[in-house]
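Student: Sequence first, then the predicted structure:
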Protein chains: 2
Amino acid sequence: MSARNKYRTGEQPRELAPIFAALGDETRLLLISRLCNDGPMSITRLPYGTNVTRQAITKHLEVMRKAGLVRNTRRGRERIWQLERRRLKEARHCLELISKQWEDALGRLKKFVEE
Amino acid sequence: MSARNKYRTGEQPRELAPIFAALGDETRLLLISRLCNDGPMSITRLPYGTNVTRQAITKHLEVMRKAGLVRNTRRGRERIWQLERRRLKEARHCLELISKQWEDALGRLKKFVEE
DNA sequence: TTTTTGCGCAACCTGGCGGTTGCATAATAG
DNA sequence: CTATTATGCAACCGCCAGGTTGCGCAAAAA
């Protein structure tokens, strides 16, 4: 595969959109911050600081879980949520890839366009 | 501001969510690829390859424009769309920041938790 | 064994997203 | 001038995301 074709349309990892979608909500970004700063915690503590219900948080966590951004483990009757480090790394890497592809394409374009 | 507080809850740039939301859709990612690989183009050419209408594309472009990811300029009766390089760079930078914050926090946590 | 606490489940509601069709309008081509 | 082309605008639609309330249940505390 040529370096040119390596970056053609649709060749990015297929599961990119759900990650970005999971990141594309203020409340969820807040939850990420919370989990990041204060560490793993149960869902009872998470609504503090937000102005939504526990059940709303549950749904957000589920969205992020499906995107692979968080993970939970039961401990007694509690369910502890924590961030999934590996997946975020992947996300960042994907974005860098797009960015690189983008700038490469722009570089190629500058041979033709005045910009 | 301490290095600790620099990374506290909600301290990220406020406009992060719309960017990720704009990236969180398959069709829009496809449009980005198209614009990236084939360069700036009018909206008439963009629906090729997708299976949606021109008007649908218009809406997607508008979403991305509001997020600052694309820009358009009129040329005669045409409206040429192109990617906004600077904004993507910002997005990537933000994600790196989150990632760094994340890993820093994890590092801090490892002092307490067994993992 | 009661009582509390931490969650899960289900129903319900509202708004906006992604998409369509139809028509109007401004440039350009003939 | 007329026909074509490129686009804009508006109405409409189905569906799901984000949020709520209410109830039930299991684990832990008293």
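Tutor: Received, thanks.

Student: Close to DNA strand D: what parts of chain A are there?
Tutor: Residues of chain A lying close to DNA strand D by Cβ under 7 Å from any atom of the strand are A:25, A:27, A:51-53, A:55-56, A:59-60, A:63, A:76-77. To be clear about C-beta, it is placed using only N, CA and C from the backbone, and glycine gets the same treatment.

Student: What about the residues you listed, which one has the most neighbours?
Tutor: With neighbours taken as other Cβ atoms under 10 Å in any protein chain shown, the top of those is residue A:60, carrying 21 neighbours.

Student: next one: stretch A:78-94 to chain centre, how far?
Tutor: 8 Å (Cα atoms, centre = their mean, to the nearest Å).

Student: And chain B, is that stretch touching that?
Tutor: Yes. Contact of stretch A:78-94 with chain B (Cβ under 8 Å from any Cβ of the partner chain) involves A:83, A:85, A:88-89, A:91-92.

Student: Are any of the residues you listed buried, and if so which?
Tutor: A:83, A:88, A:91-92 (16 or more other Cβ atoms under 10 Å in any protein chain shown).

Student: Out of those residues, flag the one nearest to DNA strand D.
Tutor: Distance to DNA strand D, by Cβ to the nearest atom of the strand, is smallest for residue A:91 among these, at 16.8 Å.

Student: Quick check: the closest one touching residue B:95?
Tutor: Yes. Under the criterion of Cβ atoms under 8 Å, residue A:91 makes contact with residue B:95 at 6.9 Å.

Student: pLDDT score assigned to residue A:109?
Tutor: If you check residue A:109, the pLDDT there is 57.

Student: can you put the residues of chain A next to DNA strand D in CSV and add pLDDT, distance to residue B:100 and secondary structure?
Tutor: Listed next are these as CSV, based on pLDDT from 0 to 100; distance: Cβ to Cβ, whole Å; DSSP: H, G, I helix; E, B strand; the rest coil:
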residue, pLDDT, distance to residue B:100, secondary structure
A:25, 95, 21, coil
A:27, 95, 22, helix
A:51, 90, 28, coil
A:52, 96, 28, coil
A:53, 97, 32, coil
A:55, 97, 32, helix
A:56, 97, 29, helix
A:59, 98, 28, helix
A:60, 98, 23, helix
A:63, 97, 24, helix
A:76, 90, 33, coil
A:77, 92, 35, coil
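
Student: related to what we said a few turns ago, so which of the residues of stretch A:78-94 next to chain B comes closest to DNA strand C?
Tutor: residue A:83 (16.2 Å).

Student: quick one, phi/psi of the closest one?
Tutor: Note on residue A:83: its backbone torsions stand at phi -80, psi 150 [degrees, to the nearest 10].
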